[in-house]
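Peer 1: Have a look at this prediction, sequence included:
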Amino acid sequence: MFPELLGTYGDGGNALVLSERLVRRGRSASVTAIAPGDVFPEADLYLLGGGEDGPQRLAADLLAASSLRARVADGASVFAVCAGLQLLGTSFAVEGDAVYPGLDLVPATTVRGPARAVGDAATRVGGRIVVGFENHGGVTHLGAGLAPLGEVVVGHGNDAAHDGFRAGRVWATYLHGPVLAQNPWLADEVLSSVLGERLEPLASVADALYEARCARLRAMEA
Ligand code: GLN
């Protein structure tokens with residue numbers, strides 16, 4: 001959604017990865033980029049990426065006026081990164097500490113942190129690792145009953161302890177990469193959740209590169 005506003009960190013690559021992993025399995029996929037003013041299309045999965053404070057505020061207004069909330073209530077899924085994560089919550093603060101309302105899909109509040117979190121990052125999700133990078137000034141607090149996506153292994157994530165959140169069909173992380181290109185297993189988790197079935201394994205160069213990144217992380221930790 002709104003790649004001109006929320007495309008600063010290359011998160012549009014998540015859409016390419018999801019559709020390519022379906023096509024390589026002989027399934028069909030169609031990706032639509034939604035621009036401001038477009039009729040909001042019906043989709044199985046809506047993707048939100050990262051962006052700077054100004055465009056993020058504009059995206060918040062556009063999303064509030066859109067049918068995204070109704071679509072999610074009807075069973076659509078959302079995968080959101082960084083600014084996208086912040087937009088799904090109750091409110092978010094931008095540079096200068098002005099507070100803006102979010103979409104209120106989940107009980108998450110983003111305040112301004114003391115320093116910008118910039119650098120490589122890794123999150124443990126269940127027994128597995130998600131690798132990527134982060135670049136944000138926001139610190140996100142999850143309200144009661146909202147589960148984080150995982151625990152921070154490297155970097156800051158929401159609050160230096162947890163990264164992202166998962167509320168049924170709504171997924172969010174602070175990690176860019178694009179995160180689904182760097183972590184193909186997570187792309188398949190999202191696809192399996194959307195389709196309601198386990199997908200057959202798919203060997204790709206991306207999977208081999210992911211293993212190499214995890215090996216480097218283990219070497220760093222040792
Ligand atoms: N503008 C937000 C922040 O700095 C989100 C940045 C991003 O999407 N990487 O917290």
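Peer 2: Yep, that arrived.

Peer 1: Residues of the chain that sit close to the ligand?
Peer 2: Residues of the chain found near the ligand (CB under 6 Å from any ligand atom) are Tyr9, Gly50, Gly51, Glu52, Asp53, Gln56, Cys82, Ala83, Asn135, His136, Gly137, Gly138. C-beta coordinates here come from the backbone N, C-alpha and C atoms, glycine included.

Peer 1: swap the cut-off to 5 Å and go again
Peer 2: Near the ligand, the residues belonging to the chain are Gly50, Asp53, Cys82, Ala83, Asn135, His136, Gly137, Gly138 when assessed by CB under 5 Å from any ligand atom.

Peer 1: Among those residues, name the ones in helices.
Peer 2: Under the assignment DSSP state H, those contribute Asp53, Ala83 to helices.

Peer 1: Kindly indicate which of the residues of the chain next to the ligand lies nearest Ala70.
Peer 2: Using CB to CB, Ala83 is the member of the residues of the chain next to the ligand that lies nearest Ala70, at 21.9 Å.

Peer 1: Tell me, how many residues neighbour the closest one?
Peer 2: For Ala83, the count of nearby residues is 29 (other CB atoms under 10 Å).

Peer 1: Kindly report the same for the one 10 residues further on.
Peer 2: Residue crowding around Ala93 was assessed by other CB under 10 Å; the count is 19.

Peer 1: Enumerate the beta-bridge partners assigned to it.
Peer 2: On the basis of DSSP bridges, Ala93 is bridged to Val99.

Peer 1: What average pLDDT does the longest helix along the chain get?
Peer 2: Across the chain, the longest stretch assigned as helix under DSSP H is helix 205-221. Taken as a whole, helix 205-221 has an average pLDDT of 93.

Peer 1: ok, longest strand in this protein?
Peer 2: The residue-count maximum for a strand in the chain (DSSP state E) belongs to strand 108-125.

Peer 1: Identify, from the residues of the chain next to the ligand, the entry nearest to Ala172.
Peer 2: Of all the residues of the chain next to the ligand, Ala172 sits closest to Cys82, with 8.7 Å by CB to CB.
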